[in-house]
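Undergrad: when you get a sec, could you give me coordinates for this:
(4 chains)
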4 protein chains.
Amino acid sequence: MIQYDHKVKVYYKDVDQMGIVYYSRYFEFFEEARTEMLSSIGLDYSDVEAQGVKLPVIEAYANYRKGAYFEQEIIIEIFIPEIPKAKLKIEYNVHPKESDEILVTGFTVHAFMNTSGRPIKAPAFIVEKIKKQMKV
Amino acid sequence: MIQYDHKVKVYYKDVDQMGIVYYSRYFEFFEEARTEMLSSIGLDYSDVEAQGVKLPVIEAYANYRKGAYFEQEIIIEIFIPEIPKAKLKIEYNVHPKESDEILVTGFTVHAFMNTSGRPIKAPAFIVEKIKKQMKV
Amino acid sequence: MIQYDHKVKVYYKDVDQMGIVYYSRYFEFFEEARTEMLSSIGLDYSDVEAQGVKLPVIEAYANYRKGAYFEQEIIIEIFIPEIPKAKLKIEYNVHPKESDEILVTGFTVHAFMNTSGRPIKAPAFIVEKIKKQMKV
Amino acid sequence: MIQYDHKVKVYYKDVDQMGIVYYSRYFEFFEEARTEMLSSIGLDYSDVEAQGVKLPVIEAYANYRKGAYFEQEIIIEIFIPEIPKAKLKIEYNVHPKESDEILVTGFTVHAFMNTSGRPIKAPAFIVEKIKKQMKV
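TA: Numbering: from 1, shown residues only, chains lettered A, B, ... in the order given. Below you'll find the model as predicted:
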C-alpha cells in the first residue's frame, strides 16, 4: 500500500455560511493530495499527460463526519490500496493536523485513457512506479 | 417519488484543461438542483434554516460516464426516492438538454440538524411537504 | 452601446461565513453574463474559439458596495461601451432582481489572441457583430 | 512597508481549457496570501473576527500578463504599502517560483466593519501590529 500525507489550510474561499468547508471543496483537496502523492513516487501528472495518458475520475465519494473550519490545518491521508489493472482506486482520510479524529473519508476511482479518449489498461510505466513503491 | 429537472449551462469557469467539466463542479450543480427542487415543493432552504433546521451533506457520490463541455446545456434530474426519517437521500442524473444519454449519476445523503448542531429526526413540516408532493 | 441582462441565483456554494457572496465569485458571474451577451449578438464563444480567436482576460476589477445573499436573485447588467480595436472592454453592474440598488460594479478587459498565443487586432467578424448591434 | 511571500501550487481545479489558471482563481490565491501575511504579523483573521472586526473586500483588481499552468509553483508577493486609516490597501505580485517574471499584479481594498456591519476606523490593535512590523 502506498500512503502519503498532504497538508491543507482552510481559507475563507472554502467555508460556507454554516462556518464549515463546503462539501465539494474536499474533492479539490483530494485532487491536490493525489497530485502530490503521484509526484512523490515519480509520476508528475504533467509527465503522465505528456506520455499520452489521462486519469479521468470515473467515481468520487465522500463521507462527512465533522466540518473543518476557517484557518484550520487539516491532513489529507491518501492511500493506493492495490496495484491498478483497468482502474486506479485512491482512498482518502481527512483529520485535523493536531488530532487523529476523522473528519471526512472518501475515495476516487480513475480510468486510464489514451489521447483519443479510449480506455486502456494501466500503462506499464505507471504500474512499475506503484509496484516499486509498494515494496518499500 | 418527487422528481424535478434543473437546467445548467456549462461556462469556462467549470471546464478543466481536458475540456470537460471538472469533477467537483457537479456537486455544485447538484446543490443548485436540490435547492430549486426543495423550493418547488414549498421548502425554500432559507426558510428551513430560519426554522432552526439544517440539512448538512453527510455523503456525496458521483459516477462520471461522459464529460459535459463548454457552452453545453445539461439537465440535472433530481429525485427524492423515499420519505425521509433520520436522513434524506437525494439522487441525481445528468444528461444533455438534447438527449437522454446519461453523463453523470450521483446521490447525496443529508442529516437533519438543529441549531445546536445535534442530529434530529426529519421535522414534521419537511416530511409533510414531501408526503404531499409524493401523493401528486 | 450593447447592453444585456443576465440573471443569477445565489446558492450555498457562493456564500462565505459572513453570509454574503465570496468576492471572487462575481468574476464567475461576470463570465456567465458575457458568454450569454456575446451569444445574444451571434458570437457563441465556442464558435469564436473554433475560428482560432481567444479573448483572454487581461484586466479584471470589481467594486463591492453590498453583499448578495443565499437564494437572492441578482441581475448582472453588462455593457460593451465602445467598438473594440486592440482590446475589448466590458462593464458590469449587479443589482437585486427586485430593485435598482447597485450591489457591485466592475469591468473586464480582454485581448484578442490567435492560436499561437499572439495578440491580434479585433477580428472583423467580431467587430461587425458588435457594430451591427450598436446600430439597433 | 510590510512584505510577505506565499507559495501556491497550481492544480487541475485551477486551470481552464486554455491550459492556464482561470482568472478568478487569483483572487482566491490573494486571499490565501493575505491570510498568511496577516497571521505572520500576529493578526490571525479568526482572532480579528473574534474581536468583532471584519475586513470585507470593497475593491479587487488584477492585471494578467501571462498565465500560470498546471503543476507550476508560483509566489504571491504581498505588500501593505501604507498604514491604514479608514481602509486597508493590499498589493500583490505573482511570479513563478523559479523566476522574477511577473505573471499577474493586483490589489484589494478592505473596509473595517464592526459586528453590526457598520464601517469603522482602523482599530488600534490592527494599526499597532502593522506599525510595529513596518519599523522592522
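
Undergrad: spatially central residue for chain A, please.
TA: Centroid-nearest residue in chain A, with Cα atoms, centre = their mean: A:Arg34, separated by 3.3 Å.

Undergrad: burial count for the closest residue to A:Lys9 other than its chain neighbours?
TA: Of all residues not flanking A:Lys9 in the chain, A:Glu73 sits nearest, at 5.1 Å (Cβ to Cβ, 6 or more residues apart in numbering or on different chains). For every residue, glycine as well, the C-beta is placed using N, CA and C. Residue neighbour count, defined by other Cβ atoms under 10 Å in any protein chain shown, stands at 12 for A:Glu73.

Undergrad: distance of A:Glu73 from A:Gln3?
TA: Using Cβ to Cβ, to the nearest Å, A:Glu73 is found at 19 Å from A:Gln3.

Undergrad: one more: A:Asp47?
TA: 22 Å.

Undergrad: all helices for chain A, in order.
TA: Residue ranges of the helices in chain A, as given by DSSP state H, are A:25-40, A:45-50, A:124-135.

Undergrad: just want the angle from the lowest-mean-pLDDT helix or strand in chain A to helix A:25-40.
TA: In chain A, the helix or strand scored least confidently by mean pLDDT, DSSP states H and E is helix A:124-135, which has a mean of 91. Put simply, helix A:124-135 runs at 90 degrees to helix A:25-40, going by axes from the mean of the first three to the mean of the last three Cα atoms, to 10 degrees.

Undergrad: where's helix A:124-135 relative to the chain centroid, distance-wise?
TA: Here the centre of helix A:124-135 is set off from its chain's centre by 17 Å, with Cα atoms, centre = their mean, to the nearest Å.

Undergrad: export that helix as CSV, just CAs?
TA: C-alpha atoms of helix A:124-135 as CSV (Å, rounded to 0.1, in the frame of the first residue of the first chain):
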residue,chain,number,x,y,z
ALA,A,124,3.5,-0.3,-17.5
PHE,A,125,5.3,2.9,-16.6
ILE,A,126,2.6,3.7,-14.0
VAL,A,127,2.3,0.2,-12.7
GLU,A,128,6.0,-0.2,-12.3
LYS,A,129,6.3,3.0,-10.2
ILE,A,130,3.4,1.9,-7.9
LYS,A,131,4.9,-1.6,-7.6
LYS,A,132,8.3,-0.3,-6.8
GLN,A,133,6.9,2.0,-4.0
MET,A,134,4.7,-0.8,-2.6
LYS,A,135,7.7,-3.0,-2.0
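
Undergrad: quick one, what contacts the residue nearest to A:Pro123 when sequence neighbours are not counted?
TA: Nearest in space to A:Pro123, with sequence neighbours left out and distances taken as Cβ to Cβ, 6+ apart, is A:Val53 at 5.5 Å. The neighbours of A:Val53, taking Cβ atoms under 8 Å, 6 or more residues apart in numbering or on different chains as the test, are A:Phe112, A:Met113, A:Asn114, A:Ile120, A:Pro123, A:Ile126.

Undergrad: which of those residues lies closest to B:Arg65?
TA: A:Met113 (12.9 Å; Cβ to Cβ).

Undergrad: separation between the closest one and D:Gln17?
TA: Distance from A:Met113 to D:Gln17, by Cβ to Cβ: 17 Å.

Undergrad: show the pLDDT at the residue lying farthest from the centre of chain A.
TA: Here chain A reaches farthest from its C-alpha mean at A:Gln17, the gap being 26.2 Å by Cα atoms, centre = their mean. At A:Gln17, the model reports a pLDDT of 94.

Undergrad: now A:Ile2
TA: 87.

Undergrad: what pairs with it across the strands?
TA: Taking DSSP bridges as the rule, A:Ile2 bridges to A:Ile80.

Undergrad: hang on, it packs against A:Met37?
TA: Yes. Between A:Ile2 and A:Met37 there is a contact at 7.1 Å, judged by Cβ atoms under 8 Å.

Undergrad: need the overlap of contacts for those two.
TA: Common neighbours of A:Ile2 and A:Met37 (Cβ under 8 Å, 6+ apart) are A:Ile80.

Undergrad: tell me the mean pLDDT for stretch A:70-86?
TA: 96.

Undergrad: okay, buried residues for it please.
TA: A:Phe70, A:Glu71, A:Gln72, A:Ile74, A:Ile75, A:Ile76, A:Glu77, A:Ile78, A:Phe79, A:Ile80, A:Pro84 (16 or more other Cβ atoms under 10 Å in any protein chain shown).

Undergrad: contacting residues for the second one?
TA: Residues counted as contacts of A:Glu71 (Cβ under 8 Å, 6+ apart) are A:Lys9, A:Val10, A:Tyr11, D:Thr35, D:Ser39, D:Asp44, D:Tyr45, D:Ser46.

Undergrad: again, but for the fourth one
TA: When contacts are counted by Cβ under 8 Å, 6+ apart, A:Ile74 is found next to A:Lys7, A:Val8, A:Lys9, A:Val10, A:Phe29, A:Ala68, A:Val94, A:His95, A:Pro96, A:Lys97, A:Leu103.

Undergrad: how about the third one?
TA: Applying Cβ under 8 Å, 6+ apart, one finds that A:Gln72 lies in contact with A:Lys9, A:Val10, A:Pro96, A:Lys97.

Undergrad: for these, which one is nearest chain D?
TA: A:Lys9 (7.7 Å; Cβ to the nearest Cβ).

Undergrad: ok, now how distant is that closest one from D:Tyr4?
TA: To D:Tyr4, A:Lys9 is 15 Å away according to Cβ to Cβ.

Undergrad: please produce CSV containing the buried residues of stretch A:70-86, extended by distance to D:Tyr61.
TA: Shown next, in CSV, are those (distance: Cβ to Cβ, whole Å):
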residue, distance to D:Tyr61
A:Phe70, 25
A:Glu71, 25
A:Gln72, 30
A:Ile74, 31
A:Ile75, 35
A:Ile76, 33
A:Glu77, 39
A:Ile78, 37
A:Phe79, 43
A:Ile80, 43
A:Pro84, 45
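
Undergrad: show me which of these is closest to chain D.
TA: Distances from chain D to the buried residues of stretch A:70-86, taken by Cβ to the nearest Cβ, are shortest for A:Glu71, at 4.8 Å.

Undergrad: what is the end-to-end distance of stretch A:16-28?
TA: 15 Å (Cα to Cα, to the nearest Å).

Undergrad: what's next to that stretch, contact-wise?
TA: So stretch A:16-28 is in contact with A:10, A:14-15, A:60, A:62, A:64, A:67-70, A:94, A:104, A:106, A:108, B:23-25, B:27-28, B:31, B:54, B:56-57, B:60, C:12-13, C:15-19, C:70, D:11, D:13, going by Cβ under 8 Å, 6+ apart.
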